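Visitor: Pasting the sequence and the predicted model now:
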Amino acid sequence: MDGMNALNDAVVRPRSPSNTTPEAFGLSYDDGVAARTRAAYERVKSVIPAEEWPRHAPFIDAINRLKAEKNAVILAHNYMTPEIFHCIGDFMGDSLALAREAARTDADLIVQAGVHFMAETAKILSPEKTVLIPDLEAGCSLAASITAADIRLIKERYPGAPVVTYVNTSAEVKAESDVTCTSSNARQVVEWAAQEWGSDTVILLPDEFLARNVASQTPIRIITWHGRCEVHERFSAEDIRELRDANPGVSVLAHPECPPDVLAEADFAGSTSAMANYAKESGAKKVVLITECSMSDNVAVENPGVDFIRPCNLCPHMKRITLAGVYEALLHNRHEVEVDPGIAERARAAMQRMLDLPPAAAPAQFDVKAPQRDVVVL
Ligand code: 13P
Ligand code: SF4
């Protein structure tokens with residue numbers, strides 16, 4: 001406990017965003033830190049060079065102490081860097097898995113190591129808990145693509161068609177929606193909503209590519225929005241063909257936020273966790289993950305026998321979350337994520353409909369050979 005008090009007293013603010021060494025926060029790498037973080041380093045040594053560890057270990061040690069002191073949990077998305085994902089995360093996974101954990105944790109404090117919509121999701125599902133995000137600017141191009149007013153106009157235009165909203169949206173947008181979905185369960189939610197509302201048409205937004213990829217998996221007519229993930233929209237079918245030529249025998253795994261012609265060139269498509277499961281269980285010896293860069297590092301740690309080819313795109317929003325940021329968030333209880341209670345109640349109803357659906361044994365996979373179908377893009 002003495003060590004803990006010393007840690008709390010040693011509050012030193014970095015002078016500039018780049019000044020994020022442990023020393024700038026009054027932390028240092030010594031024999032005690034090295035011993036307490038040895039097991040963590042053993043986990044990640046295949047992806048973090050030994051000379052980098054003294055920069056990470058003091059933060060990891062301090063964060064783990066603060067978590068215990070504050071009864072806090074860290075929800076870490078699959079796109080976090082490995083020193084966050086494998087060394088301080090308590091629950092790791094895709095958006096759906098993290099939402100489920102947010103709903104059931106008995107911790108007092110949740111730190112979201114992910115982007116803002118994920119932190120809002122945690123607050124919506126656990127309104128009595130304090131939810132922190134290390135960087136308020138950690139946004140998402142999909143969440144930024146649509147507003148609650150847009151949804152109200154769409155509902156006026158298509159009365160009777162249920163609105164299924166991707167979780168990558170603001171609380172206000174979720175509040176206007178009938179039910180949410182993630183890339184793990186989009187087809188299941190769309191088909192459930194069509195049946196429940198007695199409609200052959202479902203509005204699935206805001207991601208045009210996710211909607212197009214879901215449309216090829218179901219006979220339901222899909223109306224969507226022109227939102228794009230700035231990370232996944234940059235992959236092309238030509239990239240995949242070049243990868244295959246350069247790496248014979250490689251298994252190509254793609255996220256369903258990629259364009260449909262990318263999925264058509266892939267061997268497998270699914271949520272971030274679906275891709276991680278496939279890499280683990282398929283027996284593939286050489287794999288490329290067509291998604292955000294940190295995924296390959298995180299999955300490689302757990303699959304030492306698999307060769308990961310690593311072209312990837314960085315998500316600038318996810319990369320705003322750093323060990324230094326998580327440390328400061330826990331130390332100062334910042335930045336607290338609040339959602340207006342009225343909005344949260346309506347958003348929770350949409351999320352709860354999704355969470356009440358029978359959980360699948362594993363995140364759904366997309367049939368990459370299914371023919372593409374037309375969708376209406378608003
Ligand atoms: P997952 O739900 O597959 O984790 O995706 C979240 C995300 O932001 C992908 O870009
Ligand atoms: Fe949003 Fe794309 Fe980043 Fe995921 S990867 S958080 S969808 S911008």
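Guide: That came through fine. Ligands and ions are numbered 1, 2, ... in the order given.
Visitor: Only C-alpha atoms from now on, for both contacts and neighbour counts.
Guide: OK.
Visitor: Enumerate the residues of the protein near ligand 1.
Guide: By CA under 6 Å from any ligand atom, the residues of the chain that approach ligand 1 are D94, S95, L96, T182, S183, S271, T272.
Visitor: was I right about the fourth one contacting T169?
Guide: Spelled out, that is T182. No. Applying CA atoms under 8 Å, one finds T182 not in contact with T169, separated by 10.7 Å.
Visitor: Tell me the predicted confidence for A362.
Guide: With respect to pLDDT, A362 has a value of 87.
Visitor: Just the element for the spatially closest residue to it that is not a sequence neighbour, please.
Guide: Leaving aside its sequence neighbours, A362 sits nearest to A274 (CA to CA, 6 or more residues apart in numbering; 7.3 Å). Taking DSSP states H and E as the criterion, A274 maps to helix 272-281.
Visitor: average model confidence for whatever helix or strand comes next after that helix?
Guide: Once the chain leaves helix 272-281, the next helix or strand it forms, by DSSP H and E, is strand 286-290. What strand 286-290 shows for mean pLDDT is 97.
Visitor: can you tell if the helix holding A274 touches ligand 2?
Guide: No. Helix 272-281 does not reach ligand 2 (CA under 6 Å from any ligand atom); its nearest approach is 9.9 Å.
Visitor: From the contact counts, what lies against that helix?
Guide: Helix 272-281 makes packing contacts with helix 293-302 when contacts are defined by 3 or more CA pairs under 8 Å, 6 or more residues apart in numbering; DSSP states H and E.
Visitor: For the helix it packs on, which helices and strands make contact with it?
Guide: By 3+ CA pairs under 8 Å, 6+ apart, helix 293-302 packs against helix 82-85, helix 272-281, strand 286-290, strand 307-309.
Visitor: Show me the shaky parts of the stretch 1-150 of the chain.
Guide: 1-19 (pLDDT under 70).
Visitor: you'd agree N185 is up against F366?
Guide: No. N185 is beyond contact range of F366, at 10.2 Å (criterion: CA under 8 Å).
Visitor: how about the nearest residue to N213, chain neighbours excluded?
Guide: That would be P260: by CA to CA, 6+ apart, it lies 5.8 Å from N213.
Visitor: Any idea how many residues pack against the closest residue to ligand 2 within the stretch 201-350 of the chain?
Guide: Here the stretch 201-350 of the chain gets closest to ligand 2 at one residue, C229, 4.0 Å apart by CA to the nearest ligand atom. Counted with other CA atoms under 10 Å, residues neighbouring C229 total 22.
Visitor: How about the one 5 residues further on?
Guide: Number of residues near R234 (other CA under 10 Å) recorded here: 14.
Visitor: Which pLDDT value belongs to it?
Guide: At R234, pLDDT is 97.
Visitor: Alright, calling it a day.
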